[in-house]
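In: one predicted model, sequence on top.
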Amino acid sequence: MLSLTGLQHFQAVHNVNLLVEAFATDLPTSSEELSWARESNAKLSFKDQWENNGIVDVLSEWANSEVASLLWIGGQSGNQDSWVTQFSADLVTALNSQTTDVTLAYGFFDSCPDRALTARDFVKTTIARIIEQRPRILLELPELLNTRMLGPSSTFSRCWTVLDGLIDRLSAVFFVLDRVDAGADNEQGLPVAEELLPKLLGLVSKSPDKVKIIVTSSEEPPIAYQGDSMLSLIWLDTGTRQVERNRR
């Protein structure tokens with residue numbers, strides 16, 4: 001016979017399925033995203049793969065830094081696809097394999113074969129990932145985690161309000177946003193990076209001890225944010241073998 005706690009957990013898991021079905025049916029699942037991401041970067045040459053291009057040392061410097069920041073990893077691979085997606089997929093897989101209190105939130109903007117994803121799509125996907133990993137949070141935040149807040153017509157602003165409320169309840173969150181340059185502009189023509197960066201930098205500023213963020217792209221950050229004290233930039237072009245480290 002199920003205990004009250006067991007019944008609550010069962011109901012929470014059931015609610016997860018209903019909620020995700022309500023607002024994320026048009027978005028790729030976590031396994032689909034990783035599979036598409038790996039397929040799209042399966043033909044990188046040996047020198048362009050992240051294990052061989054020098055990113056590990058640079059990443060270690062950022063991870064060990066006492067200064068909180070969002071890390072923007074920009075990279076190209078000559079006339080091939082950018083090497084960064086392979087790196088992101090392996091990073092997500094490695095983080096997923098660890099048993100910690102860190103919640104992993106991620107999105108691959110260049111991995112959906114049907115359409116380009118928007119900033120709003122990323123936020124909705126991130127919310128789904130968090131709920132999947134922490135289903136009991138549904139019992140704690142019913143005022144945010146409901147179909148009114150996360151319905152098909154929910155705006156970017158409303159979805160972000162939900163995500164922000166989720167982060168407040170979590171002990172630690174690691175974001176991975178891959179190839180933001182490949183995302184679709186919003187209805188007003190604002191690119192993904194320009195819509196998400198101020199929100200993400202705000203998270204780092206507000207919760208530096210519990211929020212880690214890595215953004216990858218085949219381009220540099222928008223000029224307006226390149227001087228932000230909360231943003232660190234690494235640029236690595238494996239076609240020219242040039243690495244620029246931690247430029248603020």
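Out: Nice, I can see it.
In: skip the chain neighbours and tell me the closest residue to E140.
Out: Among residues not flanking E140 along the chain, R169 sits closest, at 6.1 Å (C-beta to C-beta, 6 or more residues apart in numbering). C-betas here are computed from N, CA, C, even on glycine.
In: now do the contacts for I130.
Out: The contact partners of I130, by C-beta atoms under 8 Å, 6 or more residues apart in numbering, come to 103, 105, 137, 163, 166, 170, 173.
In: before we move on, which element is it in?
Out: helix 119-133 (DSSP states H and E).
In: any idea which helix or strand comes after that helix?
Out: Following helix 119-133 in sequence, per DSSP H and E, is helix 137-140.
In: I'd like to know which elements that following helix is packed against.
Out: helix 4-23, helix 119-133, helix 156-169 (3 or more C-beta pairs under 8 Å, 6 or more residues apart in numbering; DSSP states H and E).
In: quick one: the helices in the chain?
Out: Remark: helices assigned in the chain by DSSP state H are 4-23, 30-40, 55-63, 84-96, 119-133, 137-140, 156-169, 192-206.
In: could you find the closest non-adjacent residue to the most centrally placed residue in the chain?
Out: Taking C-alpha atoms, centre = their mean, the centroid of the chain lies closest to Y106, which sits 2.9 Å from it. Counting by C-beta to C-beta, 6+ apart, Y106 lies nearest to V176, which is 4.0 Å off, once chain neighbours are set aside.
In: which stretches of this structure have low pLDDT?
Out: Where the chain drops to pLDDT under 70, the residues are 1-26, 40-54, 77-82, 113, 238-248.
In: show me what contacts the spatially closest residue to L177 that is not a sequence neighbour?
Out: Nearest residue to L177 in three dimensions, chain neighbours excluded: V215, at 4.7 Å (C-beta to C-beta, 6+ apart). For V215, the contact set (C-beta under 8 Å, 6+ apart) comprises 70-73, 177, 180, 193, 197, 200, 221.
In: pretty sure the residue nearest to E140 is touching L141, no?
Out: Yes: using C-beta atoms under 8 Å, R169 makes contact with L141 at a distance of 6.6 Å.
In: these two: which is more packed in?
Out: L141 (16 against 13; other C-beta atoms under 10 Å).
In: and the more buried one, how far from L201?
Out: 24 Å (C-beta to C-beta, to the nearest Å).
In: give the buried residues for stretch 70-78.
Out: Applying a neighbour-count criterion of 16 or more other C-beta atoms under 10 Å, the buried positions in stretch 70-78 are 70-77.
In: dump the residues you listed into TSV; add distance to A37 as well.
Out: Putting those into TSV (distance: C-beta to C-beta, whole Å) gives the following:
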residue	distance to A37
L70	21
L71	19
W72	18
I73	15
G74	18
G75	15
Q76	17
S77	15
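In: among those residues, which lie within strands?
Out: Counting by DSSP state E, the part of the buried residues of stretch 70-78 found in strands is 70-76.
In: tell me the one of these nearest S30?
Out: Distances from S30 to these, taken as C-beta to C-beta, are shortest for I73 (21.1 Å).
In: surely the closest one touches Q86?
Out: No: checked against C-beta under 8 Å, the pair I73 and Q86 is beyond contact range at 12.0 Å.
In: hang on, the earlier thing: of the contacts of V215, closest to W62?
Out: L71 (5.1 Å).
In: what bridges to V173?
Out: T103, V211 (DSSP bridges).
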